[in-house]
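Visitor: need a structure here:
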Amino acid sequence: MLKNPRLKFWPVIFLAASVEGWLALGWLGLIPSSTKSGLLPGISIDRLLMMAFVAFLAGIFALLGWYSWRRLGWREKWLDPDCRPGLFRWLTIVAFLAALLLEITWLFLRTYDAPLLGPFFLRAQPIVIYLLLICAEGAIWLLWLRFGPDIRLLWRQAIVWISCWAGISALMFWGLSPSGGGELHTWWYIQTFNPLHYELHGENYCSPDYSASLSSQYRRAKDIRLQLANIDRPKALLAIFNKITRGAKNNTEKQLKVLDFIQQASYHTNSIASYSNGDWVYDPLVLLELGNMYCTQGAILAIDLFGAAGYPGRLVQLGHHQISEIYYDGDWHYLDTDLFGDGETVIKNGKIPSVAELSQADYQKLDAIPAFQETNVMDCSGQENVGDEYPSYYYFSTQAYQTDTAQNYYVGTDALYDFEHGWKAVATIAPADKVSEYNLPEQVTPDKPNITSVTVDPGNLTLSVSFSDSDPDGDLAGYQVFISDHSRGWDYNQFYGNAADKRYWADPGGWKPEMYRLLFQLPPHDLGLLRLAANASNVNITAKPDVTYFVTIMAYDSYGLSVGRVLYPVSNEIKIQIP
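Guide: Here you go, the predicted structure:
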């Protein structure tokens, strides 16, 4: 017969902890399998270690339950708080603090940096909740075990413990959770926001984030919106704007820095960033996490960033295309986050013009900037080899507007921070804002040259590369052949040419975000730069033994030459050596 009747419940407490452990283990096992390899198909080593830990705890509690049930003397000697009051007092405190810490951990994993912590949270949640349960149950049980006979003392202790727990939990919930006040979350978001992280994500064209199923993308957008729901948008956007523009000496430099950031942080995929109900994503912070932005979304992000810093902005509807304009120094300035890259834009007389100003004269300066360079490498799933449109067609061609919605117009920002639905269209067009249109045909660059054959002649010390190309609008003017002793440092994710010659492909190992800047540079040609006529189909290179040659072929057209364009779509890089 036990001296303390409450001690008889120890086996039940241990058994409950064991059963909860096996339930947590089942929860872990039911989580959808990842693509990581592990000891079991589809289950990562991290999850297996978590499952082993939970199984170990559940087994220990089961053993303690059996032992305390069979050994009454052991129960009275080690599990009676009257025998060891100091130990049980500290156990109660530790159980309470551990439960509180686990609750904070759960909120942290649930709320912060969703793209980074989301997959880990999914797998860690069962074990965190299991540990939270046994610690909370342990604290309550220990209080009852110690003060059960004295109801008044038990209630006083319980009220103190529960009040402390509720107060701290409410504070953490307010600061961390999407339903809370968000001040701490906003502060943490600002402190940890690293522009480079978003730039590298936007440049990671072969990321699974961009090739996932539509349902997966919808779910990701919904989860991110929930996890960032309580962040103060204006405050966060102003902090981001200040981080991006740090070091800029004037407003033009600020615009160039914001333009470069968004061009790198955004990726124009074939499926627009949206939610499962079909609504587009307009929330700037959600867009930054997704990285997937169509022209309208990138333009809105730019207006939001400048708007948070006090600069007026507006959307501009062009032919099949939308951009933004930002107002400062007494004028509007166009900002295109989608067609171009590397922060490149037209600058006239030391300033960035408005679309209306750009259309009045020298509008073809727009075509001198290489457009669609990013989409040229978005071939991770096998994009077609086609030429690129010159952007003036979308900006100023009457034909483009005839096949689109209304003629060019401006959209005001009467509801600047309506992040769920964008803005209402407000007619703000003035005579000075009118964009001039021209009867412009759609001009297109030549395609990427295809490599049709590669021949190495050791006897004559000659390398021969044959190629083919097409120009959709028929004004192919010639080719440039870049020859170097080192790689240009980037390439497409697939080979455009004869499969038998793929062995000569220099392929540096697939696309990586660090290659982004190289897209906007001519290939190196320290060993030679050859110019070939438009009817050429091969190039012969006199070579030296034991020297590695890297060869890139680039076609150019007459229209591009007339407007001063330098960079065009290039072939795969070929790597050849005469033994």
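Visitor: in a strand, that's where A555 is, yeah?
Guide: Yes. Counting by DSSP: H, G, I helix; E, B strand; the rest coil, A555 is part of a strand.
Visitor: quick one: pLDDT of it?
Guide: Here the pLDDT value assigned to A555 is 96.
Visitor: Is it bridged to anything, and to what?
Guide: When bridges are assigned using DSSP bridges, the partners listed for A555 are Y479.
Visitor: and what of L315?
Guide: Assigned bridge partners for L315, using DSSP bridges, are S324, V411.
Visitor: Now for it, how many residues are close by?
Guide: A count of nearby residues for L315, using other CB atoms under 10 Å, gives 22. (Each C-beta comes from the backbone N, C-alpha and C, glycine too.)
Visitor: Which pLDDT does the model give it?
Guide: You'll see L315 listed with a pLDDT of 82.
Visitor: who touches A58 in this structure?
Guide: The contact partners of A58, by CB atoms under 8 Å, 6 or more residues apart in numbering, come to A17, S18, V19, E20, G21, W22, A24, L25.
Visitor: one more time with 7 Å, if that's ok
Guide: S18, G21, W22, L25 (CB atoms under 7 Å, 6 or more residues apart in numbering).
Visitor: check contacts around the spatially closest residue to it that is not a sequence neighbour.
Guide: Counting by CB to CB, 6 or more residues apart in numbering, A58 lies nearest to G21, which is 2.8 Å off, once chain neighbours are set aside. For G21, the contact set (CB under 7 Å, 6+ apart) comprises V54, L57, A58, F61, Y130.
Visitor: Look up how far L567 lies from T398.
Guide: In this structure, T398 and L567 are separated by 28 Å, where distance is defined by CB to CB, to the nearest Å.
Visitor: With neighbour numbers in mind, choose between the two.
Guide: Applying other CB under 10 Å to T398 and L567 shows that L567 carries more neighbours, namely 18 against 12.
Visitor: Could you tell me how many residues sit around the residue nearest to the more buried one when sequence neighbours are not counted?
Guide: With CB to CB, 6+ apart as the measure, P370 is the residue that lies nearest to L567, at 4.3 Å, once sequence neighbours are left out. Here the number of neighbours of P370 (other CB under 10 Å) works out to 23.
Visitor: do the same with T192
Guide: Other residues within reach of T192 by the criterion other CB under 10 Å amount to 10.
Visitor: for P85, same thing?
Guide: 11.
Visitor: which ones are touching it?
Guide: Listed by CB under 7 Å, 6+ apart, P85 has no contact partners.
Visitor: when you give positions from now on, start the count at 48
Guide: In the new count, where the first residue is 48, that last one comes out as P132.
Visitor: Distance-wise, check it relative to R193.
Guide: Counting by CB to CB, the gap between P132 and R193 amounts to 8 Å.
Visitor: so where's this protein shaky on pLDDT?
Guide: Filtered on pLDDT under 70, the chain yields the residue ranges 48-50, 80-90, 157-166, 196-202, 204-205, 212, 216-229, 426-432, 450-479.
Visitor: Show me how far the biggest helix by length in it is from its chain's centre.
Guide: Secondary structure of the chain read by DSSP state H shows that its longest helix is helix 161-194. If you compare the mean C-alpha spot of helix 161-194 with that of the full chain, they lie 31 Å apart, counting by CA atoms, centre = their mean, to the nearest Å.
Visitor: Check which helices and strands that helix sits against.
Guide: Under the contact criterion of 3 or more CB pairs under 7 Å, 6 or more residues apart in numbering; DSSP states H and E, helix 161-194 touches helix 57-77, helix 92-117, helix 132-158, helix 198-223, helix 261-274.
Visitor: Pipe the ones you listed into TSV and attach distance to W125 per row.
Guide: Rendered in TSV, the data for the helices and strands packed on helix 161-194 read as follows (distance: least, CB to CB, whole Å):
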stretch	distance to W125
helix 57-77	10
helix 92-117	9
helix 132-158	9
helix 198-223	22
helix 261-274	45
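Visitor: Pick the one among the contacts of G68 closest to Q407.
Guide: Proximity of these to Q407 (CB to CB) peaks at Y177, which lies at 68.8 Å.
Visitor: List the residues that contact that closest one.
Guide: Contact criterion CB under 7 Å, 6+ apart gives E67, G68, A71, V101 as the residues in contact with Y177.
Visitor: go with 8 Å
Guide: If you count contacts by CB under 8 Å, 6+ apart, then Y177 has E67, G68, L70, A71, V101, L104 around it.
Visitor: care to break the chain down by domain?
Guide: 52-224, 237-480, 497-624 (automatic domain parsing).
Visitor: start to end distance for the second one?
Guide: It refers to domain 237-480. With CA to CA, to the nearest Å as the measure, the ends of domain 237-480 fall 37 Å from one another.
Visitor: ok, now the last one?
Guide: Here the two ends of domain 497-624 are set 20 Å apart, with distance taken as CA to CA.
Visitor: just to revisit the earlier point, okay, the angle between the longest helix of the chain and helix 92-117?
Guide: Going by axes from the mean of the first three to the mean of the last three CA atoms, to 10 degrees, helix 161-194 is angled at 10 degrees with respect to helix 92-117.
Visitor: quick one on the thing from earlier: winner for burial among the domains of the chain?
Guide: domain 237-480 (a mean of 19; mean count of other CB atoms under 10 Å).
Visitor: Against L126, how distant is A403?
Guide: Relative to L126, A403 is positioned 83 Å away (criterion: CB to CB).
Visitor: Show me the helices in the stretch 248-397 of the chain, by range?
Guide: Counting by DSSP state H, counting those that start in this stretch, one finds helices in the stretch 248-397 of the chain at the ranges 255-258, 261-274, 280-291, 298-312, 331-337, 342-355.
Visitor: nearest to V528, of these?
Guide: Distance to V528, taken as CB to CB, is lowest for helix 298-312 among the helices of the stretch 248-397 of the chain, at 29.4 Å.
Visitor: how far does that closest one sit from the chain's center?
Guide: Put simply, helix 298-312 sits 18 Å off its chain's centre (CA atoms, centre = their mean).
Visitor: elements contacting that helix?
Guide: Identification of packing neighbours for helix 298-312 by 3 or more CB pairs under 8 Å, 6 or more residues apart in numbering; DSSP states H and E yields helix 242-250, helix 280-291, helix 342-355, strand 368-375, strand 378-382.
Visitor: residue contacts, the spatially closest residue to L382 that is not a sequence neighbour?
Guide: With CB to CB, 6+ apart as the criterion, L382 has its nearest non-adjacent residue at 4.8 Å, and that residue is S371. Taking CB under 8 Å, 6+ apart as the contact definition, S371 lies against A346, I347, A349, I350, G360, R361, L362, V363, Y381, L382, T384.
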